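Q: just a sequence and a predicted model for now, questions to come.
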Amino acid sequence: MMITAASPVNAGPDALEKSQLLAAIIENANDAIIAKTLDGIITSWNPAAERMYGYASGEIVGTSVERLSPQDQTGEITSVLAQVKAGEYCDGFETLRVRKDGTVFPASLAVSPIRNADGVVVGASTIARDVTSARRVFEAARSMIESSLDSLVAISPEGLITDANEATVTATGIPRVELIGTAFSDCFTEPEKAEAIYELVFEKGMAVDYPLTMRHRDGTLMEVLYNASVYRDVEGNVLGVFAAARDVT
């Protein structure tokens, strides 16, 4: 979102109407929308920001935006404002924010330049969204995945592991950070059979009780049956394969 700073005094009827419309959109937005100078001084604060952070406009306008960050993250604001000053957008990054009562919460921010009539960057606009609920849903889903006794992995269309649960770490003896980005087929004694499973899933949509032999880093072997299916984004596009292996040794 790019906001242009214009003077209502010099604006024509059309420009004034657009300015009023923009102001109405900001006032009625569900997301917190905050404008600030390139020095980080808050100049505008909509009602959603008041509800999110707990500060009334009169309390916060004219003060530093750093008061909204945890003490150990204040340098983050300086870095973001430097990007905006260079005309860059900072979209969809997650961080932590602090309410007036001291509560710390996760937020997703989109920061964009505010330009004057000559196109010069004179400030920054931040759209902030409280993602506490989304984070809780994610953590609950992650907890379910980690509690599974079966080895669970997500595989990219290129056959690379993009995520793995603790059961997979136990079965392979390889830490998650080392597993991610490696070939799924490398975990098995017959890599070509492992490659065939995800190729079959991409072709047919799923595979059921596919036998493989998983190899632990110490050489121990484990017979497993793999069940896998594709997973998609909200628009139905295939993102990869989700596979579960059950120890049948």
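A: Perfect, I can see it now.

Q: use CA for all of it now, contacts and neighbours both
A: OK.

Q: ok, which stretches of this structure are helices?
A: Taking DSSP state H as the criterion, the chain carries its helices at 13-28, 47-53, 57-60, 74-85, 132-147, 166-172, 176-179, 191-204.

Q: make JSON lines out of these and add distance to Glu235, mean pLDDT and mean neighbour count.
A: Listed next are the helices of the chain as JSON lines, based on distance: least, C-alpha to C-alpha, whole Å; pLDDT from 0 to 100; neighbours: other C-alpha atoms under 10 Å:
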{"stretch": "helix 13-28", "distance to Glu235": "28", "mean pLDDT": "70", "mean neighbour count": "13"}
{"stretch": "helix 47-53", "distance to Glu235": "29", "mean pLDDT": "95", "mean neighbour count": "19"}
{"stretch": "helix 57-60", "distance to Glu235": "39", "mean pLDDT": "94", "mean neighbour count": "14"}
{"stretch": "helix 74-85", "distance to Glu235": "31", "mean pLDDT": "86", "mean neighbour count": "16"}
{"stretch": "helix 132-147", "distance to Glu235": "19", "mean pLDDT": "85", "mean neighbour count": "12"}
{"stretch": "helix 166-172", "distance to Glu235": "30", "mean pLDDT": "94", "mean neighbour count": "20"}
{"stretch": "helix 176-179", "distance to Glu235": "29", "mean pLDDT": "94", "mean neighbour count": "16"}
{"stretch": "helix 191-204", "distance to Glu235": "17", "mean pLDDT": "87", "mean neighbour count": "17"}
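
Q: a markdown table please, covering those helices and showing distance to Arg215.
A: A markdown table is the format used below for the helices of the chain (distance: least, C-alpha to C-alpha, whole Å):
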| stretch | distance to Arg215 |
| --- | --- |
| helix 13-28 | 57 |
| helix 47-53 | 50 |
| helix 57-60 | 59 |
| helix 74-85 | 43 |
| helix 132-147 | 21 |
| helix 166-172 | 6 |
| helix 176-179 | 13 |
| helix 191-204 | 11 |
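
Q: for Phe242, which of these is the nearest?
A: Across those, Phe242 has its closest neighbour in helix 191-204 (9.1 Å, C-alpha to C-alpha).

Q: contacting residues for Thr249?
A: Contacts for Thr249 (C-alpha atoms under 8 Å, 6 or more residues apart in numbering) come out as Met222, Glu223, Val224.

Q: before we move on, what about Leu81?
A: Leu38, Asp39, Gly40, Ala124.

Q: and of the helices of the chain, who's closest to Leu239?
A: The closest of the helices of the chain to Leu239 is helix 191-204. By C-alpha to C-alpha, the value is 10.1 Å.

Q: what helices and strands are in contact with the closest one?
A: Using 3 or more C-alpha pairs under 8 Å, 6 or more residues apart in numbering; DSSP states H and E, the elements in contact with helix 191-204 are strand 206-215, strand 221-232, strand 238-247.

Q: pretty sure Ile60 contacts Ile42?
A: Yes: between Ile60 and Ile42 there is a contact under C-alpha atoms under 8 Å: 7.0 Å.

Q: the contacts of Leu81 into CSV, with extra columns for distance to Tyr89 and pLDDT?
A: Output for the contacts of Leu81, formatted as CSV (distance: C-alpha to C-alpha, whole Å; pLDDT from 0 to 100):
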residue, distance to Tyr89, pLDDT
Leu38, 14, 93
Asp39, 17, 92
Gly40, 16, 93
Ala124, 10, 94
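
Q: so which of the residues you listed is the most crowded?
A: When neighbours are counted by other C-alpha atoms under 10 Å, Ala124 leads these with 28 neighbours.
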